[in-house]
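1. Structure, please.
(2 chains)
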Amino acid sequence: MLSSTLARRTCRSFCSARFHLRSSHNQTSSQQNAEGPKTTHFGFQTVPEESKESLVRNVFDSVASSYDLMNDAMSLGVHRLWKDEYVSLLNPGSKGPMKCIDVAGGTGDIALRLLDFARERYADRETTIDVVDINTEMLKAGYTRFKKTMYHNTPQIAFREGNAQALPEEQFPSNTYDLYTIAFGIRNCTSVPDVLKEAYRVLKPGGTFACLEFSKVNNPLFGAVYDQYSFSVIPLLGTILAGDRASYQYLVESIRKFPPQPEFAQMIVDAGFTTGGMFEGKGGAWRDQWNGIASIHMGVKL
Amino acid sequence: MDGSAYGDIVAQPNWTRSTHDSKWAGYLKSSAPDNTSRRLAVYRGSPLYSRLDHHTMSRAQLLKLALPLVKTHGFTREALSRSVLYLPGTPHAEPLSETAISALFGDGDNARRTLLDAWLDDARTDMKSAPSPIMKDVLASRLRRNEPILRWLPEAFGLLISPPSGVPPLDPSPALKHVASIADEACHIVGDTSLGLSWYARRASVAAVYGAAELHQLASPATAYEFLESLLSSSSNIENTLVNTEAYAKYIGRSWAGIIKSSGVF
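-> All right, here's what the predicted structure looks like:
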């Protein structure tokens, strides 16, 4: 549902290159048959790995023009609450300026929230954010949005094109950032482990990885209602408001293919991060939003 | 790596009570920062280290390293953030950021609660090192653990009974759980074999005695041990009374059953 948000961020970071065979993870369910090429999922479909990037790019090109409208319509505005909760949890600026990277953050909504939070709460005008996205159209949208703010043409914000799975070392040196954020973006990457590996590389020791992503609803009854809404209402809204049912159908399906909370938390640990306890809630590795419709995962590079 | 093994440790704030933890605690029984490196070196050389994932252990390590810092920093996020300065192998130049503390231990006061829980668990485990398995000595050794951090304890207990949600404003159940767990541990150490009602009576009386002695210690540390001793002697009378009450209640019950039967009602 809130899919578009995520969706668009997601698409930016589609990754191409290396692929980790990790059949236990839904997200990276690619398989290599002895007889055929590597495959991965695209929604509920199985597609050749190398074609996923272009397929996802098509989806996001398709939804980009109606992105904001659809986000609000599908989530009834709830995605804004989740993003605010996400940013307040990160608490930027509380102990001085931070160097942040917001991956798959093209339109800059998370970056803007982070900068506003640091400025309004802590009078911090030194925190900087590099917004990275694979999709130049999204970056342009973000750049335009920031031109309307006080941060435009300041060292606090920079927009850079890059692949979340393979950030160029010369542009994004190792051990550089205090905070790595990726909101509704990692789901559409071909290889989540590669994204996590890059996140680990660019973070300084002591730096924090934070991911906001759709997840699995815990309550079966609520889950049934949510499924009905997702598979019936969202594609219908896509048809009515954006004239594109297929793209929104994909977004809903891709959410279902993303690994559940404990599995994704384990992937974060496998990438080398230290997380909270393997449970939901405060002090745990993840915090569910609205019974698990979305979830915030965090890890620290020690 | 063994998922279940480290899963237990990472998932449970009171890791020191798990089987794996007992081993872990044996290798890593830190009480002062200066001993930490040496103890961790011992741990790293142990077979346990190969079975446990280094990264997932780090949260537990940080908590363990933060415990000696409570003495100077109290149950604060500051103590948690400084723990990373003592992390062996990967020395950090700066304390952990607020964001990292929230990620690992919870935001706001929840991180402090995590630290407090870890400290209470550690202190309870340490009761086994009492000079003798006698109730008085076991409880006294637990009281002694409070001494270095006595100035932080009133605030810590305030935190303990303040629920994270703020509703209700005060919740005494964590404090009751605290004294109950100490009573249970103490009974286990002294080899208490009571059953039935006396099992509950024994633990309830020990919990009440310890709770009163701990409160007394906050106000008057010097006389806490005498106070504990006097309470223990009077509590045995209370226990006897409870056991007698049980026997008396049974007797009354049987009498009433006999009266009802003989009345011909049934």
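
2. For the rest of this, base every contact and every neighbour count on C-alpha atoms.
-> Will do.

3. can you give me the helices in the stretch 1-150 of chain A?
-> Secondary structure of the stretch 1-150 of chain A, counting by DSSP state H, counting those that start in this stretch: helices at A:3-12, A:49-64, A:67-75, A:78-90, A:109-122, A:136-147.

4. shaky segments in the chain?
-> Assuming you mean chain A. For chain A, the stretches with pLDDT under 70 are A:1-37, A:42-45, A:57-69.

5. looking at chain B here, not the other one
-> Scanning chain B for pLDDT under 70 picks out the ranges B:1-57, B:238-239, B:242-243, B:265-266.

6. Got the domain ranges for it?
-> Using automatic domain parsing, the domain ranges for chain B come out as B:1-129, B:131-266.

7. and A:Asp72, which of the ones you listed is closest to it?
-> Nearest to A:Asp72, of all the domains of chain B, is domain B:1-129, at 28.2 Å by Cα to Cα.

8. what does the stretch 151-300 of chain A have sitting close to chain B?
-> A:205-208, A:269, A:272-279, A:282-285, A:298-300 (Cα under 8 Å from any Cα of the partner chain).

9. do that again at 10 Å, thanks
-> Applying Cα under 10 Å from any Cα of the partner chain, one finds that the stretch 151-300 of chain A approaches chain B through A:178-179, A:205-210, A:266, A:269-287, A:296-300.

10. Filter those residues down to just the ones in strands.
-> A:178-179, A:205-210, A:277-280, A:284-287, A:296-300 (DSSP state E).

11. Same question for the residue of the stretch 151-266 of chain B found nearest chain A, what's its three-state structure.
-> Chain A sits closest to B:Pro164 of the stretch 151-266 of chain B, with a gap of 9.7 Å, by Cα to the nearest Cα. At B:Pro164 the chain is in coil, as set by DSSP: H, G, I helix; E, B strand; the rest coil.

12. My guess is it contacts B:Thr114. True?
-> No. Here B:Pro164 does not reach B:Thr114: they are 11.7 Å apart, not a contact under Cα atoms under 10 Å.

13. Can you check which residues contact both of the two?
-> Counting by Cα atoms under 10 Å, 6 or more residues apart in numbering or on different chains, the shared contacts of B:Pro164 and B:Thr114 are A:Lys282.

14. Among these two, which residue is more densely surrounded?
-> A count of neighbours by other Cα atoms under 10 Å in any protein chain shown puts B:Thr114 above the other of B:Pro164 and B:Thr114, at 22 against 15.

15. quick one: that one and B:Leu62 touch, right?
-> No. Here B:Thr114 does not reach B:Leu62: they are 11.5 Å apart, not a contact under Cα under 10 Å.

16. so what sits against both of the two?
-> Common neighbours of B:Thr114 and B:Leu62, counting by Cα under 10 Å, 6+ apart, are B:80, B:104.

17. circling back to that earlier point, which non-adjacent residue is nearest the residue of the stretch 151-266 of chain B closest to chain A?
-> In space, and not counting its chain neighbours, B:Pro164 is closest to B:Asn110: 7.0 Å by Cα to Cα, 6 or more residues apart in numbering or on different chains.

18. Over to A:Gly142?
-> In space, and not counting its chain neighbours, A:Gly142 is closest to A:Thr107: 3.7 Å by Cα to Cα, 6+ apart.

19. B:Leu67 now?
-> B:Trp119 (6.2 Å).

20. same check, this time on B:Ile149
-> Excluding the flanking residues, the one nearest B:Ile149 by Cα to Cα, 6+ apart is B:Lys71, at 5.2 Å.

21. What about the one you found, how many residues nearby?
-> 17.

22. can you pull the contacts of it?
-> Neighbours of B:Lys71 in contact, by Cα under 10 Å, 6+ apart: B:32, B:79, B:147-152.

23. Name the helix or strand for it, please.
-> Element membership for B:Lys71 (DSSP states H and E) is helix B:70-73.

24. what packs against the helix or strand that that helix is followed by?
-> Once the chain leaves helix B:70-73, the next helix or strand it forms, by DSSP H and E, is helix B:77-82. Contact here means 3 or more Cα pairs under 10 Å, 6 or more residues apart in numbering or on different chains; DSSP states H and E; on that basis helix B:77-82 packs against helix B:54-66, helix B:70-73, helix B:98-105, helix B:109-125.

25. Tell me which residues are up against helix B:77-82.
-> With Cα under 10 Å, 6+ apart as the test, helix B:77-82 has contacts from A:206, B:62-74, B:83, B:92, B:94-98, B:100-102, B:104-115.

26. Return the strand or helix carrying A:Arg256 as PDB; C-alpha atoms alone will do.
-> Assigning secondary structure by DSSP H and E places A:Arg256 in helix A:245-257. What follows is helix A:245-257, C-alpha atoms only, in PDB (Å, rounded to 0.1, in the frame of the first residue of the first chain):
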ATOM      1  CA  ARG A 245      -3.000  -0.900 -12.500                       C
ATOM      2  CA  ALA A 246       0.000  -3.200 -13.300                       C
ATOM      3  CA  SER A 247       2.600  -1.000 -11.600                       C
ATOM      4  CA  TYR A 248       0.600  -0.800  -8.400                       C
ATOM      5  CA  GLN A 249      -0.100  -4.500  -8.500                       C
ATOM      6  CA  TYR A 250       3.700  -5.000  -8.600                       C
ATOM      7  CA  LEU A 251       4.200  -2.800  -5.600                       C
ATOM      8  CA  VAL A 252       1.800  -4.700  -3.500                       C
ATOM      9  CA  GLU A 253       3.300  -8.000  -4.600                       C
ATOM     10  CA  SER A 254       6.900  -6.900  -3.900                       C
ATOM     11  CA  ILE A 255       5.900  -6.000  -0.400                       C
ATOM     12  CA  ARG A 256       4.700  -9.600   0.200                       C
ATOM     13  CA  LYS A 257       8.000 -10.900  -1.200                       C
END
